[in-house]
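Undergrad: Here is a sequence with its predicted model. Questions after.
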Amino acid sequence: MSEVAGSILVLIGAFFHFSAGLGMLRMPDAFTRMQAGTKASTLGNALILIGIAFYHPGWSLKLLILIYFVFMTNPVSSHALARAARAIRIPMAGPPPQALASAPAAARDGA
Amino acid sequence: MAPNTRARRSASFVGLWLLLTLIWFAASSSLAIESIITGAAIAAVLAHLFVRRFPAWTDVRLSPERLIPFFRYTGVFLVEMVRANLNMLRYVYAPRIDINPGIVEVRTRLKTPVGRLALASSIALTPGSLVVGLEGDTLTVHWLDVKTTDAEEATRLIVGPFETELEKAFG
Amino acid sequence: MADTILLLAGVLIFLAIVFAVTRLILGRTIVDRVAAVDLLTVISISMIALYAHIADRFIYLDVALVYGVLSFLAVVATARYLERGL
């Protein structure tokens, strides 16, 4: 029974990874792609690791460390990347209310 | 002033040491005596270096009135994160992506660097927002669906859920 | 039953990797490519953990952990380089 529960959690996690990949492909600019990638993949990773913990209760501690590790590093790396993107003026999709002058209209490059 | 700083520094050194040793146990999953001694020694060196080089850690204190808000914050964070992902699924699977991205600036009441770091990381994992800059008490946020350009209103919508708990946990 | 569900999960992860690699190739800007690599590393961590389950080897989780540390450092170093040079 716990095996089926674990495998269903793994499946949901894989679905979130799939959505992260799809968002990465479909979103219009670098910032929105980063958002889709970071959020969905963090939750997907956590769900997959929890699902594996259902199979192997003895591995729980190390899986917990992995989950915490991804929760801490993923936002930091995406923040560093977003900051760099802003510093080197990567074009942004949509009409940004404050930053109209800095983002050219050509940025609307639909994926 | 100086003795106070020293006392606080050694208190945070002990806290960090215990935390790192705990992580060592979880990572090595071994109770052999050599493993325990090695882990404690490495954790002591790391904690010493970290407290000396990164004074921000000394603002973190481990006490019940700090830990309980931290656990409450964890609960709030998990709920917000699931909400963020469902929100993201709605955008990703819509036949035509319907977003209105933009940059807004929000202000935070949090004073300590660690509190601000936790806030910025939480914002990155919650509905449609990503921190692109952090200077002093001003966070520059990339917002997937800009509802308002007013700084006060944006602050309430983005920072609101976490700030009260984080303020109690980290100051 | 459980194995079939795991197989389905593997197919979904495979498709996610295909999407991320497509974004890595299409790119448009350097930041898109680095973001795609970042997503690929997180997917790889869960894939290594899944393989640890399939091969029934506890030690592979350490591989996932070290892989995570290294890829985090790689992404942060790349971001720093993009921002202000080496």
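TA: Received, thanks.

Undergrad: What strand or helix carries residue B:130?
TA: Here residue B:130, judged by DSSP states H and E, is contained in strand B:129-135.

Undergrad: Is any residue of that strand near chain C?
TA: No - shown here: strand B:129-135 not in contact with chain C (C-beta under 8 Å from any C-beta of the partner chain), separated by at least 11.0 Å. The C-beta positions use only the backbone N, C-alpha and C, and glycine is treated the same way.

Undergrad: residues making contact with the first helix or strand past that strand going along the chain?
TA: Counting by DSSP H and E, the next helix or strand C-terminal to strand B:129-135 is strand B:138-143. Applying C-beta atoms under 8 Å, 6 or more residues apart in numbering or on different chains, the contact partners of strand B:138-143 are A:31, A:35, A:82, A:86, A:92, B:101-108, B:119-120, B:123, B:128-134, B:154, B:158-159.

Undergrad: Now, the residues you listed that are in helices?
TA: By the criterion of DSSP state H, membership of the contacts of strand B:138-143 in helices covers A:31, A:35, A:82, A:86, B:119-120, B:123, B:154, B:158.

Undergrad: can you tell me if the helix or strand harbouring residue B:7 touches chain C.
TA: If you go by DSSP H and E, residue B:7 is part of helix B:2-28. Yes - Helix B:2-28 reaches chain C (C-beta under 8 Å from any C-beta) through residue B:27.

Undergrad: List the buried residues in that helix.
TA: Going by neighbour count (16 or more other C-beta atoms under 10 Å in any protein chain shown), the buried part of helix B:2-28 is B:12-13, B:15-17, B:20-21, B:23-25, B:27.

Undergrad: Centre of the chain to the helix or strand that comes right after it, how far?
TA: Following helix B:2-28 in sequence order, the next helix or strand is helix B:33-53 (DSSP H and E). Centroid separation for helix B:33-53 versus its chain: 23 Å, with C-alpha atoms, centre = their mean, to the nearest Å.

Undergrad: Quick check, pLDDT for the residue lying closest to residue B:104 once chain neighbours are set aside.
TA: Leaving out its chain neighbours, the residue that sits closest to residue B:104 by C-beta to C-beta, 6 or more residues apart in numbering or on different chains is residue B:154, at 4.5 Å. Confidence at residue B:154, expressed as pLDDT, is 70.

Undergrad: quick one: residue B:154 and residue B:108 touch, right?
TA: No - applying C-beta atoms under 8 Å as the test, residue B:154 and residue B:108 come out as separate, 11.9 Å apart.

Undergrad: lowest average confidence, helix or strand, in chain B?
TA: helix B:151-158 (a mean of 70; mean pLDDT, DSSP states H and E).

Undergrad: and that helix, which residues are buried?
TA: B:154-155, B:157-158.

Undergrad: Pick the one among these closest to residue C:63.
TA: residue B:158 (37.2 Å; C-beta to C-beta).

Undergrad: for the closest one, what are its contacts?
TA: B:104, B:106, B:123, B:126, B:129, B:141, B:143.

Undergrad: can you rerun that using 7 Å?
TA: Shown in contact with residue B:158 (C-beta atoms under 7 Å, 6 or more residues apart in numbering or on different chains): B:106, B:123, B:129, B:141.

Undergrad: same question, residue A:1
TA: Contacts for residue A:1 (C-beta under 7 Å, 6+ apart) come out as none.

Undergrad: Show me the domain layout of chain B.
TA: Taking automatic domain parsing as the reference, chain B has its domains at B:3-59, B:64-170.

Undergrad: For chain B, what's the nearest residue on chain C?
TA: residue C:65 (7.4 Å; C-beta to the nearest C-beta).

Undergrad: And chain A, by the same measure?
TA: Nearest to chain B, among the residues of chain A, is residue A:75, at 3.6 Å (C-beta to the nearest C-beta).

Undergrad: State the helix or strand in which that residue lies.
TA: helix A:60-87.

Undergrad: so what does that helix touch, helix or strand wise?
TA: helix A:30-55, helix B:2-28, helix B:113-124, strand B:129-135, helix C:30-55, helix C:60-84 (3 or more C-beta pairs under 7 Å, 6 or more residues apart in numbering or on different chains; DSSP states H and E).

Undergrad: tilt between the last one and helix A:30-55?
TA: Put plainly, it is helix C:60-84. 170 degrees (axes from the mean of the first three to the mean of the last three C-alpha atoms, to 10 degrees).

Undergrad: Lovely, talk soon.
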